[in-house]
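Turn this into a model:
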Amino acid sequence: MRPNGVHLHHGLESGHQHGGELAHPLFDLLSAVQASGSIQRAAASLGASYRHVWGSLKRWESEFGRPLVTWTQGHPAQLTPHAQALLARERLLRARHAPQIAALRADLERLFEYAAGDETPVLELPAVPDLALALLRDAAIQRHGLHLALQPRCSADALAALADGRSPAAAFALPEDARAEPALAAPLAVLGGGGFVVLLVLRRTLGLMAPAQALPGGITAVVEAGVRIVGRPPGSSAEIVWRQLCRREGFAPPPPARIEPTHEAAATAVAQGLADAAFGCEGAAAAQGLAFRPLAHDRLLLAATAEAATGPAFAPLRSALADATWHQALSALPGVERLPAALVT
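Below you'll find the predicted structure:
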């Protein structure tokens with residue numbers, strides 16, 4: 001075990017971080033060198049001197065006992081294979097934990113606002129991680145006086161929290177044939193029995209994502225070529241849809257090379273070369289610059305009890321859902337279409 005442990009810090013600074021953003025001087029430095037191919041340009045992008053950046057690289061190389069950057073006169077600076085692997089894994093860790101990082105950041109921001117006398121109301125929402133919901137959270141606090149506290153959950157847990165009364169609202173993803181899944185049938189039956197309303201329905205395009213030169217032609221190509229594919233947690237909407245698609249093609253779902261909890265983490269694993277392909281939403285593929293082959297759809301729903309949805313506590317949420325700026329941001333998300341709200345089926 002290393003004598004130096006990881007210490008996490010937070011502070012109030014100008015500007016805002018989003019998602020899984022975390023600052024660390026080593027990874028900021030490696031990213032800058034990788035992006036620029038030059039220590040001089042990396043230093044300029046970081047607002048530091050060449051001497052400072054060079055000294056930092058040497059200190060980290062001494063700490064690890066391995067070179068991190070190769071560079072000779074007249075040639076671009078390049079990360080060593082070890083540094084490339086280190087940076088890829090750090091990016092994946094942040095993508096994997098982005099929902100929790102964002103939730104903690106929002107809680108800390110509320111804490112500091114409370115310290116300054118701000119008592120903006122809070123609505124806690126068990127929710128499957130999704131960029132559309134993150135944008136809704138931003139709209140709610142920026143323009144509608146509501147802290148929408150997204151509590152990261154898998155779809156089955158979020159749905160169950162609403163169905164059994166532990167939460168007055170929840171956001172969850174459902175495959176198009178959701179009632180055929182035993183884990184979803186019971187809570188959906190409760191919601192379909194009355195007393196609940198759907199406030200938001202988004203249709204999301206799902207498919208295969210991979211680098212353009214290696215995008216599989218379909219499920220058969222994935223299975224027969226032995227593609228290292230990223231899996232999703234059992235019972236998630238994406239895992240259910242993938243399983244259904246494989247069976248329709250006459251295949252058992254191939255064993256995943258790794259399992260990642262979100263669409264964004266799955267796409268990051270592929271983009272960083274830690275897997276060959278993944279099945280997930282189009283928006284996650286686009287964010288990582290991956291090619292995408294559409295295969296299916298699912299739905300993201302925000303539902304609530306009828307009593308809560310019409311009450312005064314939900315008025316800011318209803319206002320945020322009608323926000324024109326949020327609608328514009330939503331329309332820019334690849335593979336996302338807003339549908340009329342309806343009963344959960």
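
contacting residues for the spatially most central residue of the chain?
Here the mean C-alpha position of the chain is nearest to the C-alpha of Glu264 (CA atoms, centre = their mean), at a distance of 4.0 Å. Under the criterion of CB atoms under 8 Å, 6 or more residues apart in numbering, the neighbours of Glu264 are 19, 95, 98, 129, 131, 284, 287. Using the backbone N, CA and C atoms, a C-beta is placed for each residue, glycine as well.

Relative to Pro152, how far out is the fourth one?
Pro129 sits 6 Å away from Pro152, going by CB to CB, to the nearest Å.

Overlap in contacts, the two.
Common neighbours of Pro129 and Pro152 are listed as Pro99 (criterion: CB under 8 Å, 6+ apart).

which parts of the helix or strand of the chain with the lowest mean pLDDT are buried?
Evaluated with mean pLDDT, DSSP states H and E, the helix-and-strand set of the chain has its lowest mean pLDDT in helix 182-192, which scores a mean of 80. Within helix 182-192, the residues scored as buried using 16 or more other CB atoms under 10 Å are 184, 187-188, 190-191.

just the strands in the protein please.
For the chain, the strands defined by DSSP state E occupy 69-70, 78-79, 122-127, 147-152, 169-175, 196-210, 229-231, 258-259, 277-281, 291-305, 336-339.

so which of those strands comes closest to Val223?
strand 229-231 (9.3 Å; CB to CB).

got the contact list for the closest one?
Surrounding strand 229-231, the residues in contact under the criterion CB under 8 Å, 6+ apart are 222, 239, 242, 254-260, 266, 269-270, 275-280.

who does that strand pair up with?
The partner list of strand 229-231 in its sheet, established with DSSP bridges, is strand 258-259 (parallel), strand 277-281 (parallel).

roughly how far out does that strand sit from the chain middle?
In this view, strand 229-231 has its centroid 16 Å away from the chain centroid, taken as CA atoms, centre = their mean, to the nearest Å.

do stretch 48-57 as well
33 Å.

So for it, what gets flagged as buried?
Within stretch 48-57, the residues scored as buried using 16+ other CB under 10 Å are 48, 53-54, 56-57.

All set now, cheers.
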